[in-house]
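Student: no FASTA, just this:
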């Protein structure tokens, strides 16, 4: 991947980009207003004929002034174009309005990150998630997920599940081609992947490890299925080095989990995996590494998501460069025996064994 090895912009393109960055918070909120007030939808529905300012504010019951300033902002942002006093939608506007990934990202940014990000510099200086106080009074975001207020709660889970759910079918095929009998699902969250495993293989047994709040949500979900007799629950504070993982599993699965921790914490978790896993067992790590993306927008999205971890989640983790991650795997006593890129939207699966 060579997205970030050269400065290819002309001076004019560079200053244009600089102005876009300077006004980025306003760009974001104007775009969200155009989306949420129904203006973009109305422009889209008008097709190639377009729609006038008067038609917009009359139908949507907005003031002429309010509709005008938003549509004019939409011109500068590139969401709409204007000809003969009529507005039509652009390709970017169509993605803002209709693309699921864009909607999930925008809602997550607005509902989970936006207010807290004002203190990002403080988080960089202190290594603490200083923006988290905008959501609640917890040491990290994970303790608060089960009680987080709306709409932040839905936006957080929609963001998390969107990126993981699209990879599950490929992930299951990779996991079960080695026919595991007992899987530790570490950081199992609401139990979605555990339920997928139980449905995929009628004999496999699962043990979920997570915080008590998350396991409570998982238990409720799994209790509604016929699989509950094949699941064990192990409440744990992963950050407590003294809390060991249950032994006996021949596979350990961690999806979008280790990116929630600092480098030292990742090594600690992997060392406890080393103690728990059978000698010939496999560790499966599914992560979104920004350097393993096929396209630059994917890498960009992950680099920006890293700052959510810095400011909101815990203050010390990120979406990692795979080279950094591989060094941690080696330090914990594992080797990567297989790496599968392009799983789902943006994931890589690393299959690891003891050295």
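Tutor: Perfect, thanks for sending it. These numbers come from a predicted model, not from an experiment.
Student: Can you give the domain ranges for this protein?
Tutor: Domain segmentation of the chain under automatic domain parsing yields 11-98, 159-354.
Student: Can you measure across the last one, start residue to end residue?
Tutor: Right, the one you point to is domain 159-354. End-to-end distance of domain 159-354 (CA to CA, to the nearest Å): 33 Å.
Student: do the same with the shortest one
Tutor: For domain 11-98, the first-to-last residue distance is 33 Å (CA to CA).
Student: What's the mean pLDDT across it?
Tutor: Averaging pLDDT along domain 11-98 yields 97.
Student: Before we move on, what's the pLDDT of residue 267?
Tutor: At residue 267, pLDDT is 96.
Student: distance of residue 341 from residue 293?
Tutor: 9 Å (CB to CB, to the nearest Å). Every C-beta, even on glycine, is put in place using the N, C-alpha and C of the backbone.
Student: who's more crowded, those two?
Tutor: Neighbours per residue, other CB atoms under 10 Å: of residue 341 and residue 293, the larger number sits with residue 293, 22 against 14.
Student: Nearest residue to the more buried one in space, please, no chain neighbours.
Tutor: Counting by CB to CB, 6 or more residues apart in numbering, residue 293 lies nearest to residue 299, which is 4.4 Å off, once chain neighbours are set aside.
Student: so what's residue 188 closest to, chain neighbours aside?
Tutor: Leaving aside its sequence neighbours, residue 188 sits nearest to residue 208 (CB to CB, 6+ apart; 4.0 Å).
Student: Quick one: mean pLDDT for the helix or strand hosting the one you found?
Tutor: Element membership for residue 208 (DSSP states H and E) is strand 205-210. Taken as a whole, strand 205-210 has a mean pLDDT of 93.
Student: again with stretch 239-259
Tutor: Averaging pLDDT along stretch 239-259 gives 91.
Student: What of stretch 101-119?
Tutor: 97.
Student: can you list contacts of that stretch?
Tutor: 28, 31-32, 35, 95-96, 129-135, 151-152, 154-156, 158-159, 162, 301, 307-308, 311-312, 345 (CB atoms under 8 Å, 6 or more residues apart in numbering).
Student: from the middle of its chain, how far away would that stretch be?
Tutor: Mean-position distance between stretch 101-119 and its chain equals 11 Å (CA atoms, centre = their mean, to the nearest Å).
Student: Now it: buried residues?
Tutor: Within stretch 101-119, the residues that count as buried by 16 or more other CB atoms under 10 Å are 101-114, 116-117, 119.
Student: End to end on that stretch, go ahead and measure it.
Tutor: Terminal residues of stretch 101-119 are spaced 26 Å apart (CA to CA).
Student: next one: stretch 38-51
Tutor: 13 Å.
Student: hang on, the earlier thing: name the residues that touch the helix or strand harbouring the residue nearest to residue 293?
Tutor: Using DSSP H and E, residue 299 falls within helix 296-308. If you take CB under 8 Å, 6+ apart as the criterion, helix 296-308 is touched by 1, 3-4, 105, 108, 112-113, 117, 120, 288-291, 293, 318-319, 345-346.
Student: Which of those residues fall within helices?
Tutor: 105, 108, 120 (DSSP state H).
Student: Show me which of those is closest to residue 60.
Tutor: Set against residue 60, the nearest of the ones in helices among the contacts of helix 296-308 by CB to CB is residue 105 (25.0 Å).
Student: Got phi/psi on the closest residue to residue 210 other than its chain neighbours?
Tutor: Nearest non-adjacent residue to residue 210, counting by CB to CB, 6+ apart: residue 188, 5.3 Å away. The phi and psi values for residue 188, taken as degrees, to the nearest 10, are phi -70, psi -10.
Student: Burial check on residue 188, number of neighbours?
Tutor: So residue 188, with other CB under 10 Å, has 28 neighbours.
Student: Offset the numbering so it begins at 24, please.
Tutor: With 24 as the first residue, the last one maps to residue 211.
Student: Identify the residues contacting it.
Tutor: So residue 211 contacts 217, 231-233, 237-238, 241 (CB under 8 Å, 6+ apart).
Student: you'd agree residue 108 is up against residue 77?
Tutor: No: here residue 108 lies out of contact with residue 77, judged by CB atoms under 8 Å, at a distance of 9.1 Å.
Student: For residue 180, list the residues it contacts.
Tutor: 168, 213.
Student: Residue 346 and residue 94, how far apart?
Tutor: From residue 346 to residue 94 the distance is 46 Å (CB to CB).
Student: ok, now residue 314?
Tutor: In terms of CB to CB, residue 314 sits 39 Å off from residue 94.
Student: what ranges do the strands span in the stretch 224-373 of the chain?
Tutor: Taking DSSP state E, counting those that start in this stretch as the test, the strands found in the stretch 224-373 of the chain are 228-233, 254-258, 274-278, 305-310, 357-366, 370-377.
Student: Which one of the ones you listed lies nearest to residue 104?
Tutor: Checked against CB to CB, the stretch from the strands of the stretch 224-373 of the chain lying closest is strand 357-366, at 34.7 Å.
Student: and that closest one, what does it pack onto?
Tutor: In terms of contacts (3 or more CB pairs under 8 Å, 6 or more residues apart in numbering; DSSP states H and E), strand 357-366 is packed against helix 191-199, helix 286-299, helix 345-354, strand 370-377.
Student: ok, 6 Å please
Tutor: On a contact count with 3 or more CB pairs under 6 Å, 6 or more residues apart in numbering; DSSP states H and E, strand 357-366 meets strand 370-377.
Student: Pairing partners for the strand it packs on, with directions?
Tutor: Within its sheet, strand 370-377 is paired with strand 305-310 (antiparallel), strand 357-366 (antiparallel), according to DSSP bridges.
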